[in-house]
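Visitor: the following comprises the amino acid sequence and a computationally predicted model.
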Amino acid sequence: MVPSQTTQAAQITVAYSGLYTLTLVNQCIQKKLLHRKHKQQGKVFERYGSLDMRPHDRLSMNYLEWMPVFMGPLWSLAATDTLDATSVNIAWTYVALRLLYFALIFRFGVNISGHNVPLWVSTFPGYGCLTYLLVKAFKSVF
């Protein structure tokens, strides 16, 4: 039995929210580790000026800034009964790409220039998923 469109959207939302929560937990852990490291070195940890925190802050903020762009179309499709199997698969693909982004940030970090080529393997396919969902939602609403 296939779950209802609302249930599927809720499952996707819970998975995405779980990943976002992991980014916040990661921030807290990294902040504590860096605070301890600086203290052992006799230095003051400047949390908001720390380049060591940049990848972890960027990870969290990236999830947050794209959340409405993802959740809006997802729930618009569910609310209009147009969240078909293809849309569900694309939404799950987007969640998987967000998980890949998490791994890529840990592996490659964030380039200060903003030119983060290693992250593109997750970013550009994610844009494709978001575009598909947004266009489909737009057509279903208007």
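Guide: Arrived safely.

Visitor: CA atoms for contacts and neighbours, from now on please.
Guide: OK.

Visitor: number of nearby residues for the residue lying closest to Ile90 once chain neighbours are set aside?
Guide: Excluding the flanking residues, the one nearest Ile90 by Cα to Cα, 6 or more residues apart in numbering is Cys129, at 5.8 Å. Residues lying near Cys129 (other Cα atoms under 10 Å) number 21.

Visitor: restrict the helix or strand encompassing Cys129 to CA atoms and write it as PDB.
Guide: If you go by DSSP states H and E, Cys129 is part of helix 120-141. Written as PDB, here are the backbone C-alpha positions of helix 120-141 (Å, rounded to 0.1, in the frame of the first residue of the first chain):
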ATOM      1  CA  TRP A 120      29.000  21.100  -7.200                       C
ATOM      2  CA  VAL A 121      28.400  17.400  -7.400                       C
ATOM      3  CA  SER A 122      25.600  17.800  -4.900                       C
ATOM      4  CA  THR A 123      24.600  21.400  -5.500                       C
ATOM      5  CA  PHE A 124      23.800  21.400  -9.200                       C
ATOM      6  CA  PRO A 125      21.700  18.200  -9.200                       C
ATOM      7  CA  GLY A 126      19.900  19.700  -6.200                       C
ATOM      8  CA  TYR A 127      19.100  22.800  -8.200                       C
ATOM      9  CA  GLY A 128      17.600  20.500 -10.800                       C
ATOM     10  CA  CYS A 129      15.400  18.700  -8.200                       C
ATOM     11  CA  LEU A 130      14.200  22.000  -6.800                       C
ATOM     12  CA  THR A 131      13.500  23.400 -10.300                       C
ATOM     13  CA  TYR A 132      11.400  20.400 -11.200                       C
ATOM     14  CA  LEU A 133       9.400  20.600  -8.000                       C
ATOM     15  CA  LEU A 134       8.900  24.300  -8.200                       C
ATOM     16  CA  VAL A 135       7.700  24.200 -11.900                       C
ATOM     17  CA  LYS A 136       5.300  21.300 -11.100                       C
ATOM     18  CA  ALA A 137       4.000  23.100  -8.000                       C
ATOM     19  CA  PHE A 138       3.500  26.300 -10.000                       C
ATOM     20  CA  LYS A 139       1.500  24.500 -12.600                       C
ATOM     21  CA  SER A 140      -0.600  22.700 -10.000                       C
ATOM     22  CA  VAL A 141      -1.400  25.900  -8.100                       C
END
